[in-house]
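Asks: 3D, please:
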Amino acid sequence: MLTARAIQKLAMLAVAAAVLGLLAFWFLTIPSTVPTSALPTRTADLVNGREMFFAGGCASCHTVPNQPDVTKLGGGLALGSPFGTFYVPNISSNPKDGIGAWTEAQFVTALSKGTSPEGYHYFPAFPYTSFQHMTFGDLRDLFAYLKTLPPVQGRVRDHDLPFPFNIRRTLGIWKLLFLGGKPFEPNASNTAQWDRGAYLVNGPGHCAECHSPRNAFGAIITELRFTGGSRPDGKGRVPNITQFKLLKNWSEADIAKMLKSGVTPHGDEIRGVMADVVGNTSQLSAEDLMAMATYIKSLPSVEGQARPRK
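Replies: Model (predicted):
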């Protein structure tokens, strides 16, 4: 039987362990940032910024719902998920409600580290898990281009997430587990066209964010990347774009044409969410579309997960 002194010692050890655990959690979950010193002086390339804008499909999520002007980036779109409903923010040049007052370093930090200007973690419904692979130069050009678009008034409401998913600090642990990437680096063993396609598809294009299944924590299952899966809102499925089935008999020219026109080799018109994607990719250069097609066509055949029974 424990004495009163022994119980007191055990209690003190438990408290000390709890304090150390909290300190470790706090240290490990500190949001990362990109310092201004990492961004030397340069002249922005607005033409490239526009290319990154459409490659990234910024308008598909951030345009004010139910209006056709893709430059009105006031946000407000509701995105359903197993974790709750996310509301896409205003990223217009409005200095109060949008990102007009952001610094270049804050913008690069948001897209590459998933950290807000206020220093809190962004939820990965914002695909910084893909944008982290973009070069700082492309991110800076994108920021410069966004600042040329019109300001839109109106701050978007907060996300609707139940406990414990609404605790942003825990995302620091999520990032330790699933956000270990770095800017894309070309490989001399690949062609320049393939490298460009790999960059566009995995970086700004963030194609894997929709075309991959996710684990219980909402992270992409690496070995099943690009094999499709259920849509986050539970309304239908996103197809497998490896060479397993759907694209097996498509040529690179077929893929590039679909990304440009929204028409498949069989003459069918792309509909649904992918139609919005084509609305963006149709604005890309012919060279970039063919580069994306070259990379996608090179994806090895992977079957992916079986469809769940109804």
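
Asks: Provide a list of residues in contact with residue 257.
Replies: With contact taken as C-beta atoms under 8 Å, 6 or more residues apart in numbering, residue 257 is in contact with 263, 265. Backbone N, C-alpha and C define where each C-beta goes, glycine included.

Asks: can you check residue 145 too?
Replies: By C-beta under 8 Å, 6+ apart, the neighbours of residue 145 are 44, 46, 49, 50, 52, 53.

Asks: in the helix or strand residue 278 falls within, what's buried?
Replies: Per DSSP states H and E, residue 278 falls inside helix 273-281. For helix 273-281, the buried set under the neighbour-count rule, 16 or more other C-beta atoms under 10 Å, comprises 274, 277, 278, 280, 281.

Asks: try stretch 245-257
Replies: Buried, per 16+ other C-beta under 10 Å, within stretch 245-257: 247, 250, 252, 254, 255, 256, 257.

Asks: which residue ranges of this protein form strands?
Replies: 78-81, 84-87, 229-230, 237-238 (DSSP state E).

Asks: quick one: strands adjacent to the last one?
Replies: Read that as strand 237-238. Using DSSP bridges, the strands paired with strand 237-238 are strand 229-230 (antiparallel).

Asks: residues making contact with the strand it pairs with?
Replies: With contacts defined as C-beta under 8 Å, 6+ apart, strand 229-230 is touched by 211, 212, 213, 214, 236, 237, 238, 304, 305, 308.

Asks: got any ranges where the stretch 151-300 of the chain has weak pLDDT?
Replies: 233-234 (pLDDT under 70).

Asks: before we move on, the earlier item: could the buried residues of stretch 245-257 be laid out in TSV, adding distance to residue 93?
Replies: TSV is the format used below for these (distance: C-beta to C-beta, whole Å):
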residue	distance to residue 93
247	38
250	39
252	37
254	38
255	34
256	33
257	34
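
Asks: list the contacts for the residue nearest the centre of the chain?
Replies: With distances taken as C-alpha atoms, centre = their mean, the residue of the chain nearest its centroid is residue 127 (1.3 Å). Contacts for residue 127 (C-beta under 8 Å, 6+ apart) come out as 206, 209.

Asks: quick check, pLDDT for it.
Replies: At residue 127, the pLDDT value in this model is 94.

Asks: equivalent analysis for residue 10, please.
Replies: Confidence for residue 10, expressed as pLDDT, is 69.

Asks: same question for the one 4 residues further on.
Replies: As predicted, residue 14 sits at a pLDDT of 71.

Asks: with residue 23 instead?
Replies: Predicted confidence (pLDDT) for residue 23: 69.

Asks: hey, where'd the helices end up in the stretch 201-310 of the chain?
Replies: Using DSSP state H, counting those that start in this stretch, the helices of the stretch 201-310 of the chain run over 252-261, 273-281, 286-298.

Asks: which among those helices is found nearest to residue 146?
Replies: Each of these has some distance to residue 146 by C-beta to C-beta; the shortest is helix 273-281, at 14.5 Å.

Asks: angle of that closest one against helix 252-261?
Replies: In terms of direction (axes from the mean of the first three to the mean of the last three C-alpha atoms, to 10 degrees), helix 273-281 departs from helix 252-261 by 90 degrees.

Asks: what comes into contact with helix 273-281?
Replies: With contact meaning C-beta under 8 Å, 6+ apart, helix 273-281 is reached by 54-57, 59-60, 70, 205, 210, 231, 238, 258-262, 269-270, 289, 292.

Asks: from residue 196, how far out is the residue nearest to residue 209 when sequence neighbours are not counted?
Replies: Leaving aside its sequence neighbours, residue 209 sits nearest to residue 127 (C-beta to C-beta, 6 or more residues apart in numbering; 4.7 Å). Residue 127 is 20 Å from residue 196, where distance means C-beta to C-beta, to the nearest Å.

Asks: can you check residue 228 too?
Replies: For residue 228, the distance to residue 196 equals 24 Å [C-beta to C-beta].

Asks: do the same with residue 15
Replies: 56 Å.

Asks: who has more neighbours out of those two?
Replies: Using other C-beta atoms under 10 Å, the more surrounded residue of residue 15 and residue 196 is residue 196, with 20 against 10.
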